[in-house]
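Asker: Dropping a prediction and its sequence here:
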Amino acid sequence: MIFQKAPLRLHIGLTVCILSIPGVAHAQTSATLAHIRATNTLTCGVNQEEAEFSTSDDHGSREAFDHDLCKAVATAILGPHAQVAYAEFPDDATGQQALRTGAIDMIATQTADFAHAAPSWVAMTRPVLYDGLALMVPKKLGITQARQLAGKKICFIAETETEVSLRAWFIRERLDFVPFPFQEEGEMQAAYATGNCAALAGDGTRLANTRLAFGKHADDYALLPELLSKDPLAIATRSTDADLSHIAAWTVEILLQAEEDGVTAANVEAMRRSEVESIGRLLGRTHELGAPLGLAPDWAAQLLKATGNYGEIYERDLGAASPLKLARGPNTLWSHGGLMMALPLK
């Protein structure tokens, strides 16, 4: 795979990953989708959060996950040799500005809340990642549930959404909240590492990155299984690019349906012979999924070969097979108790 670096306006770093192919023309193609096809390139915003806790963005870096979502949408549009220009930005606000001005075609993971989704110019898919307030504890304390932190000091950065959500959860649960707020991350982590607080609070993706930063001591800490608030992320596009928005939305459904049906990057060709009707639709045997979106009949099969299904992406980029080792939690399929359920392909 070939990588190139180039400048992008708004001072966003641009990495080009060559993957190229001719796409299928569509009668009502937007200017953005036409440009993507003409250049064989999807310009995709990737959130590259700073390692430090931030007052402007609660999430942690999920760069590899973002890259795979960009690659999936690009392959859906352009085929197996798609080209992706990865535009990196430090927080939600910078990424949203880049999307609004046309510097990028889409954002792989943008906070899906009222403030970010309400503007009429933006369109979002269903959540692709359920993040939210989590708690990290030293394993030696033997704490396995958030309720066990009643009456114990909890470290967090003051005047952030983390503080608001943390206080709200303790009030709802009628538990004794002992806050230990900090203005500076270094002081907070020092207090946590020396045992001056029983837990560190932040979004799950943020805490997974913080734990990783502890290096050889990372395994001394555990993220508790429950999320205390909701802070989901979704793919964002411009609402004026309805065709691109629909392709992005159905790319997510394909990734989930493939996991539900057991279709992986490695077995796509073998599964084409399956007699299961939903798998036949998924892999293009019935030619039902391409034309309505202006895509090739086998677009879903091609993107699954490129990235694998949702579960493969998650485990590789965020989960057990990644350095972050972030449990899937609500990002598990609905059939296993999670929130991820594909819309039917019928």
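Answerer: It's in. Numbers count the residues shown, from 1 in each chain.
Asker: Phi and psi next, for residue 172.
Answerer: Per-residue torsions, residue 172: phi -60, psi -40 (degrees, to the nearest 10).
Asker: ok, it to residue 220 distance?
Answerer: Applying CB to CB, to the nearest Å, the value for residue 172 to residue 220 is 30 Å. The C-beta positions use only the backbone N, C-alpha and C, and glycine is treated the same way.
Asker: Can you tell me what sits against the host helix or strand of residue 208?
Answerer: Taking DSSP states H and E as the definition, one finds residue 208 inside helix 204-213. Applying CB atoms under 8 Å, 6 or more residues apart in numbering, the external contacts of helix 204-213 come out as 49, 51, 53, 58-62, 129, 131-136, 189, 200, 202, 218, 221, 223, 227, 318, 323-326, 329.
Asker: Whichever of the residues you listed end up buried, select them in PyMOL.
Answerer: In PyMOL, this line selects whichever of those come out buried by 16 or more other CB atoms under 10 Å:
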select buried, resi 49+53+58+59+60+61+62+129+131+132+133+134+135+136+189+200+202+221+223+227+318+324+326+329
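Asker: Looking at the contacts of helix 204-213, which are in helices?
Answerer: Among these, DSSP state H puts residue 189 in helices.
Asker: Mark which of the contacts of helix 204-213 are part of strands, please.
Answerer: Judged by DSSP state E, these include 129, 133-136, 200, 202, 221, 223 as members of strands.
Asker: pLDDT and distance to residue 273 added to the residues you listed, as JSON lines?
Answerer: Listed next are the ones in strands among the contacts of helix 204-213 as JSON lines, based on pLDDT from 0 to 100; distance: CB to CB, whole Å:
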{"residue": "129", "pLDDT": "98", "distance to residue 273": "33"}
{"residue": "133", "pLDDT": "96", "distance to residue 273": "46"}
{"residue": "134", "pLDDT": "97", "distance to residue 273": "43"}
{"residue": "135", "pLDDT": "97", "distance to residue 273": "47"}
{"residue": "136", "pLDDT": "97", "distance to residue 273": "46"}
{"residue": "200", "pLDDT": "96", "distance to residue 273": "50"}
{"residue": "202", "pLDDT": "94", "distance to residue 273": "47"}
{"residue": "221", "pLDDT": "96", "distance to residue 273": "46"}
{"residue": "223", "pLDDT": "97", "distance to residue 273": "41"}
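Asker: Return the member of those residues nearest to residue 152.
Answerer: residue 135 (10.5 Å; CB to CB).
Asker: Verify the stated contact: that closest one with residue 222.
Answerer: No: shown here, residue 135 and residue 222 do not form a contact pair, counting by CB atoms under 8 Å, at 9.5 Å.
Asker: Between residue 172 and residue 220, tell me which one has more neighbours.
Answerer: Each of residue 172 and residue 220 has its neighbours counted (other CB atoms under 10 Å); residue 220 has more, 12 against 9.
Asker: how much space between the more buried one and residue 212?
Answerer: Remark: distance between residue 220 and residue 212 (CB to CB) = 12 Å.
Asker: Equivalent analysis for residue 103, please.
Answerer: Residue 103 sits at a distance of 30 Å from residue 212 (criterion: CB to CB).
Asker: try residue 93
Answerer: 25 Å.
Asker: Pick out whichever of these two has more residues nearby.
Answerer: Remark: of residue 93 and residue 212, residue 212 carries more neighbours, 17 against 14, as counted by other CB under 10 Å.
Asker: can you give me the strands in the stretch 101-250 of the chain?
Answerer: Remark: strands assigned in the stretch 101-250 of the chain by DSSP state E, counting those that start in this stretch are 106-111, 122-129, 133-138, 153-157, 178-182, 199-203, 221-223, 233-238.
Asker: Turn those strands into CSV, columns for distance to residue 298.
Answerer: Converted to CSV, these look like this (distance: least, CB to CB, whole Å):
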stretch, distance to residue 298
strand 106-111, 22
strand 122-129, 22
strand 133-138, 39
strand 153-157, 48
strand 178-182, 53
strand 199-203, 37
strand 221-223, 39
strand 233-238, 22
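Asker: Tell me which of the ones you listed lies nearest to residue 344.
Answerer: Closest to residue 344 of these, according to CB to CB: strand 122-129, at 13.8 Å.
Asker: which residues sit against that closest one?
Answerer: For strand 122-129, the surrounding residues in contact (CB under 8 Å, 6+ apart) are 62, 65, 69, 96, 99-100, 108-110, 112, 116-117, 205, 232-239, 241-242, 245, 248-249, 252-253, 318, 331, 339.
Asker: likewise stretch 318-327?
Answerer: Applying CB under 8 Å, 6+ apart, the contact partners of stretch 318-327 are 62, 64-65, 129, 204-205, 208-209, 212, 223, 225, 315-316, 328.
Asker: Filter those residues down to the buried ones, PyMOL style.
Answerer: Of the contacts of stretch 318-327, the buried ones go into a single PyMOL selection, burial set by 16+ other CB under 10 Å:
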select buried, resi 62+65+129+204+205+208+209+212+223+316+328
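Asker: Now do the same contact list for the residue nearest to residue 152 when sequence neighbours are not counted.
Answerer: Excluding the flanking residues, the one nearest residue 152 by CB to CB, 6 or more residues apart in numbering is residue 198, at 3.8 Å. Counting by CB under 8 Å, 6+ apart, residue 198 makes contact with 137-138, 141, 143, 149, 152-154.
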